[in-house]
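*Asks:* Sharing a model prediction with you, sequence too.
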Amino acid sequence: MIRRGRTIPLVAALLATAGCSVFSSGTPAPPPALERTTLRVGVGNAIDTAPLRIAVAAGKFGSAGLNVQLVELGGDDGLAKLTSGDLDVTFASDIAMFRAAAGGTALQLQGEAYTSGPNTMALVTLPGSDYTELTAKKAPEIAVNMLDDVGALAARSVLGTAGVDVTKIKFKAVGFDQMPQTLQAGDADTALMIEPYITRAEKDLGAHILADGARGSTLDFPLSGYASAKPFAQGNPRTLAAFRKALGTAQQSATDPAIVRDALPTFSDIDTTTASLISLGSYPASLNGIRLQRVADLMHNSGQLANRLDVQSLLPDQNSY
């Protein structure tokens, strides 16, 4: 009886000390607050950034606790604006981001934007052109938007695969909107265009595709993405994790091309008819280091990067938040 009597207060004491954890375990602690709730995000190419724009307009980022303020880049360099602190996240071509990273700019990737699909970039000629076969000219002159971006890489890849000596290709830097006039004037044999310029040239000028630029080494090729300055990313890991999650959901919704086609005329100069005809690529829902490494390796192999860039080092540390 004595031993039994002593156990009662002992049990009561244990229950008293454990009561808090026993009876409150059903109410989990709230997740840590975001470091900030407003993000300034630079945006460019309307097709590439369509899912982000659609999601922001629909309030999807607000549901994630974020106020995303879109900043139209125009001709500005979004990566430079990251460095100056004028943007928190920016859209840019993968080639531009990897070139900057290889040059010492500390970046962290926050998402993929757009991947090429059939005829989303192509070598285009006008009716009456004498350039009807890739091997018809030993030293073709090709108009590209930039001499050191994906257009030149794609053109070299396509022509090189066809058997053309890529060292003899002559590239001319021409804005996409000026490419039709350049072809009409005979100042280039062909132009490496992207959508919607391909469809516009076909519709307005009867242009035709000499070769699909999204094949071979550039098949399903990653074209663009989003990045932050690494110091900003390190100081705001939970905020950017929330951004990546909401962006992934937005990208996933764009698997239905009708959503993108219907929305494009609302935030770009692409008319409804052109939007219904353009070729669309895909919108990756998450970062994939292996996929992105293709871009860096092609840049290295073509001489655009002196040393091989490890893209994995640019991805967020999933254990940092």
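*Replies:* Arrived safely.
*Asks:* mind listing the strands for the stretch 101-250 of the chain?
*Replies:* 107-115, 121-125, 141-144, 170-173, 190-194, 208-212, 222-229 (DSSP state E, counting those that start in this stretch).
*Asks:* What are the contacting residues of the last one?
*Replies:* Counting by CB atoms under 8 Å, 6 or more residues apart in numbering, strand 222-229 makes contact with 41, 45, 48, 52, 79, 82-83, 85, 88-94, 97, 105-116, 150, 240, 247, 281, 284, 287, 291-292, 294-295, 314, all of which sit outside it. Where you see a C-beta, it was placed from the backbone N, CA and C, and this is true even at glycine.
*Asks:* buried sites along stretch 308-315?
*Replies:* Within stretch 308-315, the residues scored as buried using 16 or more other CB atoms under 10 Å are 309, 311, 314.
*Asks:* Skipping its backbone neighbours, what lies nearest residue 161 in space?
*Replies:* residue 216 (4.9 Å; CB to CB, 6 or more residues apart in numbering).
*Asks:* tell me the contacts of that neighbour?
*Replies:* 157-158, 161.
*Asks:* where are the low-confidence patches of this structure?
*Replies:* Residues of the chain meeting the criterion pLDDT under 70: 1-31, 319-321.
*Asks:* Going along the chain, name the helices of it.
*Replies:* Secondary structure of the chain (DSSP state H): helices at 2-24, 50-57, 60-63, 78-84, 94-102, 150-162, 179-184, 197-205, 230-235, 237-253, 257-267, 272-277, 289-301.
*Asks:* Please save the CA atoms from the last one in PDB.
*Replies:* To tie it back to what came earlier, the one meant is helix 289-301. The C-alpha trace of helix 289-301 is given here as PDB (Å, rounded to 0.1, in the frame of the first residue of the first chain):
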ATOM      1  CA  GLY A 289      20.900  21.500 -63.100                       C
ATOM      2  CA  ILE A 290      21.500  18.700 -65.600                       C
ATOM      3  CA  ARG A 291      19.300  20.300 -68.200                       C
ATOM      4  CA  LEU A 292      20.800  23.700 -67.700                       C
ATOM      5  CA  GLN A 293      24.400  22.300 -67.900                       C
ATOM      6  CA  ARG A 294      23.700  21.600 -71.600                       C
ATOM      7  CA  VAL A 295      23.700  25.400 -72.200                       C
ATOM      8  CA  ALA A 296      27.000  26.000 -70.300                       C
ATOM      9  CA  ASP A 297      28.700  23.100 -72.000                       C
ATOM     10  CA  LEU A 298      27.600  24.200 -75.400                       C
ATOM     11  CA  MET A 299      28.900  27.700 -74.600                       C
ATOM     12  CA  HIS A 300      32.200  26.200 -73.500                       C
ATOM     13  CA  ASN A 301      32.600  23.900 -76.500                       C
END
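*Asks:* relative to helix 94-102, how tilted is it?
*Replies:* Interaxial angle, helix 289-301 versus helix 94-102 (axes from the mean of the first three to the mean of the last three CA atoms, to 10 degrees): 80 degrees.
*Asks:* which residues are in contact with helix 289-301?
*Replies:* Against helix 289-301 from outside (CB under 8 Å, 6+ apart): 94-95, 98-99, 109, 112, 115, 153, 157, 217-218, 221-222, 225, 284, 305-312, 315.
*Asks:* hang on, the earlier thing: in terms of distance to residue 138, which of the buried residues of stretch 308-315 ranks first?
*Replies:* residue 309 (32.8 Å; CB to CB).
*Asks:* Check the gap between the residue lying closest to that closest one once chain neighbours are set aside and residue 97 for me.
*Replies:* For residue 309, the nearest residue in space outside its immediate sequence neighbours is residue 296; the separation is 4.3 Å by CB to CB, 6+ apart. Separation of residue 296 from residue 97 (CB to CB, to the nearest Å) stands at 10 Å.
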